[in-house]
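>>> no FASTA, just this:
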C-alpha cells in the first residue's frame, strides 16, 4: 500500500486499518516532538534519525507514520501556526472592518513565527497547505471581500502583509543572537561606517542607528510601521475603487 501523501496527512485522511496491537506512537506526538527539536536546536538539526531518538523508536518505525522530511515539515508548519485570530464583533462593526482585523492578524502571524523561527523559511512559496494555514488565508480574504478590490488585489494584499511579518520576524531572530562572532562583526562594522560617514552620509546615519539596536515591541518598530503603511495604501486603493 503506497505511503500517504502530504495532502492526505495534512487534511486528516482516515487512518488505514492496521492489524495487531495499537501503536504506541501517534502522528500528533511525532509532529509535536519535531517542533520542539526545531524550536530548541534549529531546523538544520532536525532529521528523521534525531526525531526517532527523541520519540524512542527505530528510525524506520517513523516512516509508518510520515513518509519523510518533506511531509513532516508540512505538518509542523500547520501545527505551529495554529488557527488565525477570530474576527471580533468590534472589528466587524468598525468603520473599516478589514483594517481593524488585518492589523492584529498580521501581528499574530508575526508572533507565531517569532515563537517558531524555522517556520518563516518554510511558509514561503507554493506548496501543499493544511487547514490551519488555509484558514489564515481565508479569514483575511473574507474581510477584503466587500472592499471593491478584485481577487488578485485581495490575494496580493494578504501576501504582502504575510511577507512583511515574515521578513521582520527573521530579522529579529538574526539580531537577537548572542553569538560573539556577530558582536565582533557589529563592532568592526561600526568602525568602517564611522570612517565612511562623509561618503555615504544618509545610509551611514540610518545604519549606525540600527546596528546593535534591539527591537522594542512597545515602540513604533518595523513591524507595526510596515503594517500600517501597507494598510494605508490599501485604504487609498479601496477608496479609489469605491469612488469609481
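Yes, it's here. Keep in mind that what you see is a predicted model, and the values were worked out from it rather than measured.

>>> so the protein: which segments form each domain?
6-79, 89-176+214-243 (automatic domain parsing).

>>> how about the helices in this structure?
6-10, 27-41, 48-55, 59-62, 69-81, 89-92, 97-115, 119-122, 131-144, 151-175, 180-195, 201-210, 222-243 (DSSP state H).

>>> how long is stretch 58-72 end to end?
One end of stretch 58-72 sits 16 Å from the other (Cα to Cα, to the nearest Å).

>>> which helix or strand in this structure has the lowest average pLDDT?
helix 180-195 (a mean of 70; mean pLDDT, DSSP states H and E).

>>> buried residues, stretch 229-244. List them.
Residues 230-231, 234, 238 are the ones in stretch 229-244 that count as buried (16 or more other Cβ atoms under 10 Å). Every C-beta, even on glycine, is put in place using the N, C-alpha and C of the backbone.

>>> any stretches of this protein with poor pLDDT?
The model of the chain has pLDDT under 70 over residues 1, 13-23, 176-183, 185-186, 208-220, 244.

>>> try 50
14, 16-17, 215, 217-220 (pLDDT under 50).

>>> if we can go back for a sec, can I get the buried residues of stretch 229-244 in JSON lines with distance to residue 130?
What follows is the buried residues of stretch 229-244, written out as JSON lines (distance: Cβ to Cβ, whole Å):
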{"residue": "230", "distance to residue 130": "26"}
{"residue": "231", "distance to residue 130": "27"}
{"residue": "234", "distance to residue 130": "27"}
{"residue": "238", "distance to residue 130": "30"}
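
>>> what about the residue lying closest to residue 231 once chain neighbours are set aside, how many residues nearby?
Among residues not flanking residue 231 along the chain, residue 99 sits closest, at 5.2 Å (Cβ to Cβ, 6 or more residues apart in numbering). When counting by other Cβ atoms under 10 Å, one arrives at 19 neighbours for residue 99.

>>> give the contact list for residue 99.
Residues near residue 99 by Cβ atoms under 8 Å, 6 or more residues apart in numbering: 231, 234-235.

>>> roughly how far does it sit from residue 150?
From residue 99 over to residue 150 the distance is 19 Å, taken as Cβ to Cβ, to the nearest Å.

>>> ditto for residue 110
Residue 110 sits 27 Å away from residue 150, going by Cβ to Cβ.

>>> ok, these two, which is more surrounded?
Legend: neighbour count by other Cβ under 10 Å for residue 110 and residue 150, higher for residue 110 (23 against 10).

>>> can you count the residues close to the residue lying closest to the more buried one once chain neighbours are set aside?
Excluding its sequence neighbours, the residue lying closest to residue 110 (Cβ to Cβ, 6+ apart) is residue 165, at 4.0 Å. For residue 165, the count of nearby residues is 24 (other Cβ under 10 Å).

>>> now do the contacts for residue 165.
Taking Cβ under 8 Å, 6+ apart, one finds 106-107, 109-110, 113, 223, 227 in contact with residue 165.

>>> same thing with residue 36?
If you count contacts by Cβ under 8 Å, 6+ apart, then residue 36 has residue 54 around it.

>>> roughly how far does it sit from residue 193?
Distance from residue 36 to residue 193, by Cβ to Cβ: 40 Å.
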